[in-house]
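J.: after the sequence you'll find the predicted model.
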Amino acid sequence: MMERMEELFLDAYRCAVNGKDTNWQEEIDESGWRRIFHIAEAHGVLPMIYEALWNSPSFLKLEENYRKRIRERAEKMMLSQAQSTASVLELCQYLNRLGLHPMIMKGMICRNLYLHPEQRISTDEDLLIPQEQYEQYHKAFVEHGLTPVSADTELSEVSYQANQMYIELHKKPFPPESKAYGDLNRFFTEVESRKVSENIYGVQVFCMDPTDHLLYLICHVYKHFLNSGTGIRQISDIVLFSIKHLDEIDWELIQDQCNEIGITDFVSTIYRIGEKYICDSFPEKLSQIWDTGKCDEQPLLKDILAGGLYGTSSEDRLHSSNVTLRTMEARNTGNRLSLLGTIFPSYEYMRNRFSYVRRIPLLLPIGWLHRLITYGMDSILHKHTGNDASEALRIGNERVQLMRHYQILEDSGTRESLLKRIYKRSHHSVFAPLLSPIFMFIAMSEYHILNLFWKSREERMPTTQEQRVVRENVTFIAKSFERKNLAKGLCRNITRYYPGARIIIADDSREPLQVNMNNVTVVHLPFNSGLSAGLKAALEQVQTPYVMRMDDDELLTVRTKVHRELQYLQEHPELDLIGFGHTTAIRLHSPMFNFREYFRQPMNDALKPLKIPHMTKLDTNHIVLGKVANIYLARTDKLREVGFDENIKVIDHHEFFWRAAGVITSAAALDTVVFHRHNPYLRKYRKYRSDYRNDLDYIRRKRRKLQS
Amino acid sequence: MIFKARPGTILTSVGNQFFLVSVNKRLRLNDTALFCWERLSSSKGIEDLIQAFMDEYEIKDAEELDKQVRELLEELQRGHWIEVITE
């Protein structure tokens, strides 16, 4: 639970962000005020807190000298910030004249989100530049009177200072050498090509586009959370930035990337704090996107308030980052945590603590000794103030629990997550080629057991009449790439359920797929033409009024019932597409578990509104959805009307339904099941399947063009 | 003459104090200087400024006001807080 002064601090902060006075009436004694201003100082937001308080009856009851001291401190912080801003703007004007346009990250761009920008204090200004232009920037900086703080200009971040400014020049958004968060740079490889400009106090400055910048802010908070902690100002930066650029940000992409990093719960909780404690008018859209109603914000808020800006509130807390960072490194590298590693931390940790280690890495052992002696002395000298190594360890362990609470770390205490970790790591291991046939054996065993189970529950194969109707009306299409056996298996499977049904496989493997079955046509495409090009080519050859789209790693089951859904489509002219449920080997989540993902996607961001509202129940088994899985039966003419975009190679799914909204109406058949046997050990397939950055860029550009 | 706020010059405030800030210098603003500066966020001629002062403060003595506004503009110009964009 929060203490009263923490509540008051948050109330003052909320007032400052929303441009309101606190108007407090209650009596607060001097120790209470000290506590409030102590938190404000620790979070670097004293000017904002003073702005919200200076005219409130409670504050005016304070002794005048005390109020004056607070005012002078707030003025000093704000003026020094304003002078730094002015100096950076002058630097930007100078660089602009030289044809150099660095991207400002957070800092000035975030200050501009606040009613009084200079009250939002930055410790430095971060500029991102193309790595190859570093020498040009270095020369320009020195000519402008800035001096490098360290002689080591090989680092990924080089700091410069002059009288009133401190600049961090970043060659990459995050230190690439960090095992805990260095790989976040993969999301920012193309940011330079998407940069945009902003006018700040009449000066043109450059920054990342809103989607990139929001992701950067999120990753930056995450980085500090993994270190010692994050402050309330970083939370409000994210929330205010999101509100300002609400309609420009590609939310689906942000969610996908957060999901990939494993921080969805953490980010949702940030928005929950914004909704509950920072913004008076929090957009409904943000609440929906992040499902903030389900978040437990108290543990994170407690950590934020205790940590101060970047978790720098105490030395113990700073040292605790050794525990949290090493836990993350262990997660990312798959290595186990060891006592030795705690006593002798990595070079990466040491270089941030001891400058001589950074300058001369060979001095690492001296750094370890230095650290041990300092810890020992701290333990002796500060035994009663809690400023010792055991306290740092306690904070570190508590924060690791917090990371588990927000699912940043799996709960290693459970058998399931241990198995999951081993399973995930095995995908990339040297044993992958051996594990592939084992996976297929298990998957096919599951498939047969499930089918037997369903048959025992009176599910049956299609009758001759049902097979005839499907044969006359439906063509099955699928796209195949480097998975010949799976594609052949699918053809055999469809033919077993619906003998003679026409099947068209579009194949763009290096060695062309050959299927010797009379009812199967293989459309050969150039190598790696992509998913959409394949589907488009297959669809062009369809001559039946209905088409069933599947993937080559799927199988029909006795519960797929294409014939029944065909009849449903024929009887419901208002529907154009029916999506099937699926279960995936090896985990076998129920189809309903998988459908839930689509229940949460109303496609509100689509070009046109849905013809029938999302989640409209048609009967006990059919429900209208904005988007269904890529296993569907559709009217051929309507599917052609929406079409497939050949420029998209891998991730066509959301883009297809984004364009389909308002053109066709989709529903889900809730009791149907297709078996999905996605084999994660097929290296060649995975290599091309996971290369989707170009698709993301293309889809974003296309969306913007269509939306404008 | 048309005046405009100089790019990179910052108007900021905390509590009831307003400041102009630029590289290496700062200026605490009184009410009239603040009013003048705020009008100059978009370019203005001296006559427009005088008219704005007359409307805001209901001033009748245009001659005296003209003198005061010119002095204020001179002071802001001397400190490089504003620039003359056309003669």
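T.: Yep, it's here.
J.: tell me the confidence at the residue in chain A that chain B sits nearest to?
T.: Closest approach between chain A and chain B, counting by C-beta to the nearest C-beta: A:Gly202, at 3.3 Å. For the C-beta atoms, the positions are set from N, CA and C on the backbone; glycine is no exception. At A:Gly202, the pLDDT value in this model is 90.
J.: list the contacts of it.
T.: Residues in contact with A:Gly202, defined by C-beta atoms under 8 Å, 6 or more residues apart in numbering or on different chains, are B:Ala5, B:Arg6, B:Pro7, B:Gly8, B:Thr9.
J.: list the backbone torsions phi and psi for it.
T.: When read as degrees, to the nearest 10, the backbone of A:Gly202 gives phi 80, psi 0.
J.: what's the answer for B:Leu27, then?
T.: When read as degrees, to the nearest 10, the backbone of B:Leu27 gives phi -140, psi 120.
J.: list the contacts for residue 43?
T.: No chain was given, so I picked chain A. Under the criterion of C-beta under 8 Å, 6+ apart, the contact partners of A:His43 comprise A:Gly231, A:Ile232, A:Arg233, A:Gly308, A:Leu309.
J.: other chain: chain B
T.: For B:Ser43, the residues meeting the contact criterion (C-beta under 8 Å, 6+ apart) are B:Ile2, B:Phe3, B:Lys4, B:Ile85.
J.: can you check A:Val558 too?
T.: Listed by C-beta under 8 Å, 6+ apart, the contact set of A:Val558 reads A:Asn451, A:Trp454, A:Lys455, A:Glu459, A:Arg460, A:Met461.
J.: residues contacting B:Leu34?
T.: Residues counted as contacts of B:Leu34 (C-beta under 8 Å, 6+ apart) are B:Leu11, B:Phe18.
J.: repeat for the one 10 residues further on
T.: B:Lys44 is in contact with B:Ile2, B:Phe3, B:Lys4, B:Ala52, counting by C-beta under 8 Å, 6+ apart.
J.: and the spatially closest residue to A:Pro175 that is not a sequence neighbour, its phi and psi?
T.: Using C-beta to C-beta, 6 or more residues apart in numbering or on different chains and skipping the chain neighbours, the partner closest in space to A:Pro175 is A:Ser156 (5.2 Å). When read as degrees, to the nearest 10, the backbone of A:Ser156 gives phi -70, psi -20.
J.: one more: A:Tyr166?
T.: Taking degrees, to the nearest 10 as the convention, A:Tyr166 sits at phi -130, psi 120.
J.: which helix or strand contains A:Leu555?
T.: Using DSSP states H and E, the secondary-structure element containing A:Leu555 is strand A:554-556.
J.: relative to the whole chain's centre, how far out is that strand?
T.: When distances are taken as C-alpha atoms, centre = their mean, to the nearest Å, strand A:554-556 is centred 31 Å away from the chain's centroid.
J.: what residues of the helix ranked longest in chain B count as buried?
T.: Longest helix of chain B, by residue count under DSSP state H: helix B:62-78. Counting neighbours by 16 or more other C-beta atoms under 10 Å in any protein chain shown, one finds that the buried residues in helix B:62-78 are B:Leu65, B:Gln68, B:Val69, B:Leu72, B:Leu73, B:Leu76.
J.: of the residues you listed, which is the nearest to A:Leu610?
T.: Nearest to A:Leu610 out of these is B:Leu76 (C-beta to C-beta; 57.6 Å).
J.: from A:Tyr201, how far off is the closest one?
T.: When C-beta to C-beta, to the nearest Å is applied, the distance between B:Leu76 and A:Tyr201 equals 16 Å.
J.: for the longest helix of chain B, name the packing helices and strands.
T.: Here helix B:62-78 is seen to pack against strand B:2-5, helix B:31-39, helix B:46-57, strand B:82-86 when contacts are counted using 3 or more C-beta pairs under 8 Å, 6 or more residues apart in numbering or on different chains; DSSP states H and E.
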